[in-house]
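This is a predicted model, with the sequence first.
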Amino acid sequence: MREAAVGFHCPDDVSDGRRTQRQPRTSVGASLRQSPPYVTGALLALNVAAYLATGLSSPRGVRDPGFAKLYQDWQLQPHIVYADDSYYRLLTAAFLHVSLLHIAVNMVSLVFVGPYLEREIGPLRFAAVYVLSALGGSAAVYAFGSPFVTVVGASGAIFGMLGACLVLVRQLGLDLQWLIGIIVLNFVFTFSVSGISRLGHIGGFVTGALAGAAIGGLPTTPRRLPGRVQAAGLGGLLVLIVLVVVGRSATGVP
């Protein structure tokens with residue numbers, strides 16, 4: 001027996017009660033839990049590990065990792081992707097960064113947005129939003145960008161998180177004016193600073209918004225979407241990204 005506030009409880013009864021009790025969930029159906037944001041932490045660790053691996057093996061050190069062999073093998077350049085059938089670069093490029101400032105800005109953004117979004121939509125949905133947004137940004141670069149321009153960075157995935165937040169603003173209980181201000185500020189920075197992949201940012205943002213719609217529906221959706229509908233929507237988005245890439249390859253990249 002276990003002592004309780006009133007009398008004693010049988011351990012078996014307590015266990016049965018916990019199994020039969022409905023677990024509280026968020027507005028999109030994720031289990032409401034107070035566990036640390038493991039997916040955000042893992043993504044942060046992967047990005048930092050990739051930067052250290054390229055920086056420490058580069059002749060120019062961590063300040064310029066672009067000369068490392070791993071960097072050359074993972075970077076996204078549409079012409080090389082097409083010529084070598086190295087489509088894995090559409091994902092691996094999202095874990096590379098050109099400088100300490102580049103990775104610092106992206107990782108601060110990830111830490112700022114990631115834990116909250118992961119907690120509210122659940123780790124699996126959050127991982128799907130991040131990966132799909134990274135792929136969506138890369139697909140936009142591959143399909144519509146210059147064949148010989150190299151693109152790297154987690155920015156597409158970061159913009160995808162913002163796009164998902166915008167669509168899920170009602171479900172997440174975010175301040176719409178604050179969120180729009182952050183998004184506008186990021187896009188102003190995107191279009192005012194040279195050397196930034198605008199297609200990657202736009203592609204990631206649009207993909208993230210579509211992923212948010214797949215998870216929570218439109219802001220006017222009256223009720224929560226079933227889990228199988230959410231999974232089907234995210235799967236359909238992945239198929240759409242693949243079709244964009246396949247369609248570009250079918251036309252031949254110079």
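Ah, there it is.

From now on I want contacts and neighbour counts done on CA atoms only, so please keep to that.
Fine.

Could you list the low-confidence segments of the stretch 151-254 of the chain?
By pLDDT under 70, the low-scoring segments of the stretch 151-254 of the chain are 219-222, 254.

Please, where are all the strands along it?
In the stretch 151-254 of the chain, no segments count as strands under DSSP state E, counting those that start in this stretch.

And the helices in it?
155-167, 169-172, 176-192, 198-216, 227-251 (DSSP state H, counting those that start in this stretch).

L76 is nearest to which of these?
The closest of these to L76 is helix 198-216. By Cα to Cα, the value is 10.9 Å.

Tell me what angle the closest one forms with helix 176-192.
Counting by axes from the mean of the first three to the mean of the last three Cα atoms, to 10 degrees, helix 198-216 lies at 150 degrees to helix 176-192.

So which elements touch helix 198-216?
helix 123-144, helix 155-167, helix 176-192, helix 227-251 (3 or more Cα pairs under 8 Å, 6 or more residues apart in numbering; DSSP states H and E).

For G252, the count of nearby residues, please.
11 (other Cα atoms under 10 Å).

Same check on A250?
Neighbours of A250 using other Cα under 10 Å come to 10.

I'd guess H97 is in a strand, am I close?
No: counting by DSSP: H, G, I helix; E, B strand; the rest coil, H97 falls outside a strand, being coil.

Next, count neighbours for it.
That count, for H97 with other Cα under 10 Å as the rule, works out to 28.

what bridges to the nearest residue to S197 once chain neighbours are set aside?
The shortest distance from S197 to any non-neighbouring residue, by Cα to Cα, 6 or more residues apart in numbering, is to V151 (6.8 Å). Beta-bridge pairing of V151 under DSSP bridges involves L76.
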